[in-house]
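sequence first, predicted coordinates after that:
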There are 2 protein chains.
Amino acid sequence: MKAKQALILGTAFGALCALAASRSSYAEPKKDPIVRLAELEIDPAHLYEYKALLKEEIEASIRIEPGVLTLYAVTVKEHPNQIRLFEMYRDQASYQAHLKTPHFLKYKTQTQQMVKSLTLIETDPFLLGSKFK
Amino acid sequence: MKAKQALILGTAFGALCALAASRSSYAEPKKDPIVRLAELEIDPAHLYEYKALLKEEIEASIRIEPGVLTLYAVTVKEHPNQIRLFEMYRDQASYQAHLKTPHFLKYKTQTQQMVKSLTLIETDPFLLGSKFK
């Protein structure tokens, strides 16, 4: 009977540990993610093509790279060729790895002539409040 | 036997429907969330106080308001008094409701003299790629 109780307790404890492990390994940002903002102006003649390449790049990064947490792309209202990006990477190593991926290099090379200006803004995250965790 | 097969199929279908329902009711943004960017310059003499008020406002909004999806606050590197916000609301109604909450009004009133400049940028979301769903 004692052995059975121990087994039940052990199983319950194991289940709790598994739950805790699955929660802590979930894709939450670590304490200091890298956040970068980018402001781009795209040649209107190539906007459609540019957006197709950007979409492909974002989807591949989020799907393939564990350290790419968020790539939000929006256009400024009334100025559809002005793109703003909000990029969040798990850490510096993830960001550096991202820059070397085939999908990023393809995007960078193929859009080079379409981008009229690019401003990169390095930031320090202050508070990343979100429903999505 | 046919009745049993139908039962099994029915149960499997029910489970799939439950799964689909639970996924669609999860806190994902609807198709057209409202995304706004804000660029603020804070009076350095009041930066500490300002950030405390901003923190309180963001935490309350995310905790209390179902339609406030994301409030990301970062500072520009080397310019700690330049704040950038990335705000995502479920829809226009959620955004309008947010503007009338006591915690937002408190933040707005109490920080008014600390904000040297404020630029609001309305956007159209293009692709909101994220690990957090």
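Structure received.

what residues does chain A have near chain B?
A:27-28, A:35, A:37, A:51, A:54-55, A:58-59, A:61-62, A:68-77, A:80, A:83-84, A:86, A:121-133 (Cβ under 8 Å from any Cβ of the partner chain). Bear in mind the C-beta positions are built from the backbone N, C-alpha and C, glycine included.

let's see it at 6 Å
A:27, A:35, A:55, A:58, A:62, A:69-77, A:86, A:121-132 (Cβ under 6 Å from any Cβ of the partner chain).

from the residues you listed, which land in strands?
Of the residues of chain A next to chain B, the ones assigned to strands by DSSP state E are A:35, A:69-76, A:86, A:121-130.

for ChimeraX, what selects the buried ones among the residues you listed?
Buried residues among those (16 or more other Cβ atoms under 10 Å in any protein chain shown), as a ChimeraX selection:
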select /A:35,69,70,71,72,73,74,75,76,86,121,123,125,126,127,128,129,130
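
tell me which helix or strand in chain A has the weakest average pLDDT.
Lowest on mean pLDDT, DSSP states H and E among the helices and strands of chain A sits helix A:2-24, with a mean of 44.

give me the distance from stretch A:95-112 to the chain's centre.
Centroid separation for stretch A:95-112 versus its chain: 14 Å, with Cα atoms, centre = their mean, to the nearest Å.

now that stretch: buried residues?
For stretch A:95-112, burial by neighbour count (16+ other Cβ under 10 Å) applies to A:95, A:97, A:98, A:101, A:103, A:104, A:107, A:111.

what's the first-to-last distance across it?
By Cα to Cα, to the nearest Å, the extent of stretch A:95-112 from end to end equals 20 Å.

what's the answer for stretch A:33-53, then?
OK, stretch A:33-53 end separation, Cα to Cα: 25 Å.

repeat for stretch A:93-110
Stretch A:93-110 end-to-end distance (Cα to Cα) = 25 Å.

averaged pLDDT, that stretch. What do you get?
The average pLDDT for stretch A:93-110 rounds to 98.

ok, and what's touching it?
A:34, A:53, A:57, A:60, A:65, A:67, A:68, A:89 (Cβ atoms under 6 Å, 6 or more residues apart in numbering or on different chains).

one more time with 7 Å
When contacts are defined by Cβ atoms under 7 Å, 6 or more residues apart in numbering or on different chains, stretch A:93-110 is touched by residues A:34, A:53, A:54, A:57, A:60, A:61, A:65, A:67, A:68, A:89.

same question, stretch A:45-56
A:42, A:73, A:80, A:81, A:107, A:110, A:111, A:114, B:126, B:127.

list the contacts of the second one.
By Cβ under 7 Å, 6+ apart, the contact list for residue A:73 reads A:54, A:58, A:83, A:85, B:126, B:127.

10 Å instead?
A:38, A:40, A:51, A:54-55, A:57-58, A:83-87, B:35, B:123, B:125-129 (Cβ atoms under 10 Å, 6 or more residues apart in numbering or on different chains).

hey, what's it bridged with?
residue A:85, residue B:127 (DSSP bridges).

where does it land on pLDDT?
We note a pLDDT of 98 for residue A:73 in this prediction.

one step back: show me how to select, in PyMOL, the buried members of the contacts of stretch A:93-110.
Applied in PyMOL, the following selects the buried portion of these according to 16+ other Cβ under 10 Å:
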select buried, chain A and resi 34+53+54+57+60+61+65+67+68+89
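
reformat the contacts of stretch A:93-110 as JSON lines; add pLDDT and distance to residue A:47.
Shown next, in JSON lines, are the contacts of stretch A:93-110 (pLDDT from 0 to 100; distance: Cβ to Cβ, whole Å):
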{"residue": "A:34", "pLDDT": "97", "distance to residue A:47": "28"}
{"residue": "A:53", "pLDDT": "98", "distance to residue A:47": "11"}
{"residue": "A:54", "pLDDT": "98", "distance to residue A:47": "10"}
{"residue": "A:57", "pLDDT": "98", "distance to residue A:47": "15"}
{"residue": "A:60", "pLDDT": "98", "distance to residue A:47": "21"}
{"residue": "A:61", "pLDDT": "98", "distance to residue A:47": "21"}
{"residue": "A:65", "pLDDT": "98", "distance to residue A:47": "26"}
{"residue": "A:67", "pLDDT": "97", "distance to residue A:47": "29"}
{"residue": "A:68", "pLDDT": "98", "distance to residue A:47": "24"}
{"residue": "A:89", "pLDDT": "98", "distance to residue A:47": "26"}
